[in-house]
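Trainee: This is the structure alone, sequence omitted:
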Ligand code: F6P
């Protein structure tokens, strides 16, 4: 099946030709007295979240065609296969059962998942007992002092998810515990954490699905050496380490005893793993009950995704809008702008989720994808982004669709902040849509500055979604994350790619090992041949490393 030969695709192309010059504002004006309004018709909700997608360059006809595309590409079957435990990741011969971690299981594939369900329950209970022991002070460091610092060592999915959630749910966390996330092999990352922690009260969680990842193992070894250098006897180091992995033998080889290993399984993809023991740091910080609420929120979104007709299905609608801009308007990126400091790390989390999942050019059947796939995901919390890159989003020549995310009730009680924050969020989407035509720009510029007028023009007609959370709770956060996970799945289904593998990260890793050997080679003659650029860079670095 070629995407571009599907009836819906053909029709979308001619529909795009018809409407892409039209201005959204005209649709709002034309329907100003309509009931329901455009905003009401294009606002949907689920799992406690509300999505206003009315400021998009779509009409009812667009939506109908996009939904037809979802049906023609078998989105629902792909969804059901994933929840049922089918091998939806054929290149790695695995299922993708992150849904099961939050109690969402289907049965369409006839796979018996009872063993997996039991393993999840067992591991969750073990996590909760451990988290309680740390929180209550029962689990101590080697000298008997309670744990005060948790250092999560991991990278990619073993870092971004827990770090993002821990930051978001900080107001639910035990204030006595300080969380640190170390991911980069750049020693500066670890060094800066070492400056803040104290060996006797530090617990290290080494998180790695494979337990072979270079960055993680380097940091774990350095931290172990540091703890020993700070006076922790070698035979007491086990008080300070636990491991999370799908490769327990490797964890034991590192020196972590088997009973201090929390297991995950090959059917939990790295970037989908925060719901597993990968979320241990979060559970320790916020407590098992809040962690369960996070899972419950994700479960609600799973249910919404499974049960809600496509027309009102949040992940489906967001995915289809993404396809519309990526494949028809040629938009190359999606700006995710959470107007929430607590969601500071959401965009970087979504970068891995979306780009590592869907940044591919090969279809499931090995054929090239006929069209563009994952957009570049980027963003910063508002209002900071307004003072950095929103200039380009408003007036640059490039179309950048935006996901605005706003939290209606603040987590703090500081007066005078939240209305300003929300006002900025809503005003940005309004400004992006309205724009400012030349006549209005002339008025703003004034009769004495006609030269200024062209600089004050905003093209407008720039699309955005606005996602509303009532408050930032474990439930709403869980639902928000699951929403984006499923959006990625829907787009993968349409592009017919496997969102659960990541072969694109391999080549650099392989060459990195060769280059490292060359950098450390005893003499220049032992350095392997490379292109002239790489050879020159190696030569410069060898000189610097020796100096
Ligand atoms: O290099 C990419 C990747 O494999 C990600 O998919 C993964 O989340 C990350 O590395 C970390 O892997 P691990 O958990 O095995 O250390």
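Mentor: Arrived safely, thanks for sending. Quick caveat: nothing in here was measured; it's all calculated off a predicted structure.

Trainee: number of nearby residues for residue 254?
Mentor: Neighbour count of residue 254, defined by other CB atoms under 10 Å: 17. Glycine gets a C-beta too; all of them are placed from N, C-alpha and C.

Trainee: which residues touch it?
Mentor: For residue 254, the contacting residues are 206, 211, 217, 220, 243, by CB atoms under 8 Å, 6 or more residues apart in numbering.

Trainee: and if we set it to 10 Å?
Mentor: The neighbours of residue 254, taking CB atoms under 10 Å, 6 or more residues apart in numbering as the test, are 206, 208, 211, 217, 220-221, 224, 241, 243, 245.

Trainee: now, among those residues, which is nearest to residue 429?
Mentor: Using CB to CB, residue 208 is the member of the contacts of residue 254 that sits closest to residue 429, with 39.8 Å.

Trainee: picking that back up, derive a PyMOL selection command for the buried subset of the contacts of residue 254.
Mentor: Of these, the buried ones go into a single PyMOL selection, burial set by 16 or more other CB atoms under 10 Å:
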select buried, resi 206+208+211+217+220+224+241+243+245
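
Trainee: just the contacts of residue 254 that are near the ligand?
Mentor: residue 208 (CB under 6 Å from any ligand atom).

Trainee: want to throw the contacts of residue 254 into TSV with secondary structure and pLDDT?
Mentor: Converted to TSV, these look like this (DSSP: H, G, I helix; E, B strand; the rest coil; pLDDT from 0 to 100):
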residue	secondary structure	pLDDT
206	strand	98
208	coil	98
211	coil	98
217	helix	98
220	helix	98
221	helix	98
224	helix	97
241	strand	98
243	strand	98
245	strand	98
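
Trainee: I'd say residue 132 and residue 291 touch.
Mentor: No: at 11.4 Å, residue 132 and residue 291 do not qualify as touching, with contact defined as CB atoms under 10 Å.

Trainee: With neighbour numbers in mind, choose between the two.
Mentor: Neighbour count, other CB under 10 Å: between residue 132 and residue 291, residue 291 has more, with 26 against 15.

Trainee: immediately after whichever strand or helix holds that one, which helix or strand?
Mentor: Mapping residue 291 onto the secondary structure by DSSP states H and E places it in helix 288-307. Next along the chain after helix 288-307, taking DSSP H and E as the criterion, comes helix 314-323.

Trainee: Compute the inter-axis angle for that next one and helix 288-307.
Mentor: Orientation check (axes from the mean of the first three to the mean of the last three CA atoms, to 10 degrees): helix 314-323 against helix 288-307 gives 70 degrees.

Trainee: Between residue 132 and residue 291, which contacts overlap?
Mentor: Shared contacts of residue 132 and residue 291, defined by CB under 10 Å, 6+ apart, comprise 283-284.

Trainee: what does the stretch 251-400 of the chain put close to the ligand?
Mentor: Counting by CB under 6 Å from any ligand atom, the residues of the stretch 251-400 of the chain near the ligand are 270-271, 356.

Trainee: Specify which member of those residues is nearest to residue 99.
Mentor: Checking those against residue 99 with CB to CB, the nearest one is residue 271 at 14.3 Å.

Trainee: ok, now which ones touch the nearest residue to the closest one once chain neighbours are set aside?
Mentor: Of all residues not flanking residue 271 in the chain, residue 157 sits nearest, at 4.1 Å (CB to CB, 6 or more residues apart in numbering). Taking CB under 10 Å, 6+ apart as the criterion, residue 157 is in contact with 207-209, 268-274, 276, 278, 349, 352-353, 356, 502.
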